[in-house]
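>>> here are the coordinates; sequence isn't available:
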DNA sequence: CACGGACCGCGTGTCGACAATCGACTTCTT
DNA sequence: AAGAAGTCGATTGTCGACACGCGGTCCGTG
């Protein structure tokens, strides 16, 4: 699950240190999938993409293969690749696994007495509150994902983090398709604050319940009026 | 997690229907890792392997990349790939995730009232008992893995199955490195029988305990006298 | 002798061309 | 006209050659 460098952190180095072409291509296609330019079922033809980007097929091919392992693309030997069609069941499975993994993370964090207020969660939480207050949905969503990622990171479990990262990608895919609208930003932020508090208080049962509930409601948001393509 | 065709089922078709070269190459390297020809840390040089197999670098390259996503190989851009070095922590993480996933599967199976005696577990279980009786360790191990795989399959959750499959590969890697010796074959078979019975009886708590215990003891077998490379 | 920079070999990254496969369409046969 | 065989276009699979990054070596310099 060694996952290519963090593309969401465009540090100064990236300008110097040449990231392999396949990574950049994968990032381009991934974004196209998320922003809707590539709808589910759309064919990904190596030659076409290569010509569009004015490069050879090799890096395109590798990029597509990456996306396939990420679950964003379906590939069939000798036939071709298409943007994955997500069924309602797929979405349910993704969220079921997320719930399982995040609950496990919470358990680990509490058992090992990690200081959640100091080690990161605090930042994401207050960022969510600020974003909610100013009605900045984009930032809110970003902070939301950061919150959950940091929660997983606090469990200090590389394999867990790797698997969760894959799930997060697939969740983003589902969310992108449905253009999910958050009901009440302030409530979302408050939920996260409550989770932090419960963990900090060492209340395992309450933490698990809150996390489950939060993830289930997220799933519900995506699944409402879902129609299989 | 779309995983290349089932390589363990060499049907008649495989002779006709050309499986892409990369798959066969991946299978060869994977086996070499499991049987110890390629020890942890051993470099995987595309050109060398390609020449050994008398093919070009392209399929070798893709095969290595597959193994990397399976967690059997470490790849670093512009530097190269090596057989993954497994730390004690890696092994612990793999087994921790297996425990989490298999417990989840058990929960699902019981909640949904799947008929475990009819739908597959019975076959693997009795196969284990026979293998144990005749002292056939290889068959025992094979039936063991089949048992767990079928347990996961009964949960009817594709994503779960995909993630579990990855974990199983990594577990096999660890087991291969330690040449694990099973203490008492009959006891192992009996444990699985007990799990089937508990599930069939719908006894959730007992089923979870048995599964946890079984996986933990498996982990212990691998971890005994583990020395990080 | 320590240190910094140019050089060089190794291996991966990328390229353009050719081969194999698949599915659909066409055509031949009865 | 129906069915089977053959053909064709589109796309992936494989190939060999060249480009580039990386790390170690060797040399010059203070």
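That came in fine, so what should we check first? It should be emphasised that the depicted structure is a prediction, and the values quoted were computed from it without experimental measurement. Numbers count the residues shown, from 1 in each chain, chains lettered A, B, ... in the order given.
>>> which residues does residue A:185 contact?
A:131, A:132, A:135, A:137, A:140 (CB atoms under 8 Å, 6 or more residues apart in numbering or on different chains). Any C-beta I mention is one placed from the backbone N, CA and C, and that applies to glycine too.
>>> Next one: it from DNA strand D, what distance?
Noted for residue A:185: a distance of 41 Å to DNA strand D, by CB to the nearest atom of the strand, to the nearest Å.
>>> what's the pLDDT at that residue?
On the pLDDT scale, residue A:185 is placed at 87.
>>> how near is it to residue A:102?
21 Å (CB to CB, to the nearest Å).
>>> and if you look at residue A:204?
Following CB to CB, the distance that separates residue A:204 from residue A:102 is 14 Å.
>>> Equivalent analysis for residue A:120, please.
For residue A:120 relative to residue A:102 (CB to CB), the value is 15 Å.
>>> Those two: which has the busier surroundings?
residue A:102 (23 against 18; other CB atoms under 10 Å in any protein chain shown).
>>> Surely the more buried one forms part of a strand?
No: assigned with DSSP: H, G, I helix; E, B strand; the rest coil, residue A:102 falls outside any strand and is helix.
>>> check contacts around it.
A:148, A:151, A:152, A:164, A:211, A:215.
>>> dump the residue contacts of the residue in chain A positioned nearest to DNA strand C.
Per CB to the nearest atom of the strand, residue A:21 is where chain A lies closest to DNA strand C, at 2.5 Å. By CB under 8 Å, 6+ apart, the contact set of residue A:21 is A:55, A:59.
>>> ok, which stretches of chain A are helices?
A:13-16, A:21-34, A:46-53, A:57-69, A:88-111, A:121-133, A:137-154, A:158-178, A:185-200, A:204-223 (DSSP state H).
>>> looking at those, which one has the lowest mean pLDDT?
The bottom spot among the helices of chain A, by mean pLDDT, belongs to helix A:13-16, with a mean of 54.
>>> and chain A, which residues reach DNA strand C?
A:20, A:21, A:22, A:55, A:56, A:57, A:58, A:59, A:62, A:78, A:79 (CB under 7 Å from any atom of the strand).
>>> how about the residues of chain A near DNA strand D?
A:17-18, A:43-48, A:57-58, A:61, A:77-81.
>>> how far away is the most centrally placed residue in chain A from residue A:152?
With distances taken as CA atoms, centre = their mean, residue A:168 lies nearest the centre of chain A, 2.6 Å away. Distance of residue A:168 to residue A:152, given as CB to CB: 9 Å.
>>> how does chain A divide into domains?
Per the record, chain A has its domains at A:13-83, A:88-223, by automatic domain parsing.
>>> got those as CSV, with distance to residue B:94 columns?
Formatted as CSV, those follow (distance: least, CB to CB, whole Å):
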stretch, distance to residue B:94
domain A:13-83, 18
domain A:88-223, 6
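>>> So for residue B:197, which of these sits nearest?
Proximity to residue B:197 (CB to CB) singles out domain A:88-223 among these, at 25.3 Å.
>>> Just the terminal-to-terminal distance for the closest one.
Terminal residues of domain A:88-223 are spaced 7 Å apart (CA to CA, to the nearest Å).
>>> quick one: contacts for residue A:83?
A:33, A:38, A:39, A:40, A:41, A:42, A:44, A:72, A:73, A:74.
>>> Excluding covalently adjacent residues, which one is nearest to the residue in chain A sticking out farthest from the centre?
What lies farthest from the middle of chain A is residue A:78; by CA atoms, centre = their mean that is 30.2 Å. Distance criterion CB to CB, 6 or more residues apart in numbering or on different chains; nearest residue to residue A:78, sequence neighbours excluded, is residue B:20 at 7.8 Å.
>>> what's near enough to touch that neighbour?
Here residue B:20 is in contact with A:77, A:78, B:59 (CB under 8 Å, 6+ apart).
>>> now those residues in JSON lines, with distance to residue A:198?
Formatted as JSON lines, these follow (distance: CB to CB, whole Å):
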{"residue": "A:77", "distance to residue A:198": "48"}
{"residue": "A:78", "distance to residue A:198": "52"}
{"residue": "B:59", "distance to residue A:198": "51"}
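>>> thinking again about what came up before, check the contacts of residue A:185 for burial and list the buried ones.
Buried members of the contacts of residue A:185, scored by 16 or more other CB atoms under 10 Å in any protein chain shown, are A:131, A:132, A:140.
>>> buried subset of the contacts of residue A:83?
Applying 16+ other CB under 10 Å to the contacts of residue A:83 flags A:33, A:38, A:40, A:44, A:72, A:73, A:74 as buried.
>>> Hmm, the fourth one is touching residue A:81, no?
Yes: the pair residue A:44 and residue A:81 passes the contact test of CB atoms under 8 Å, sitting 4.4 Å apart.
>>> No more questions from me, cheers.
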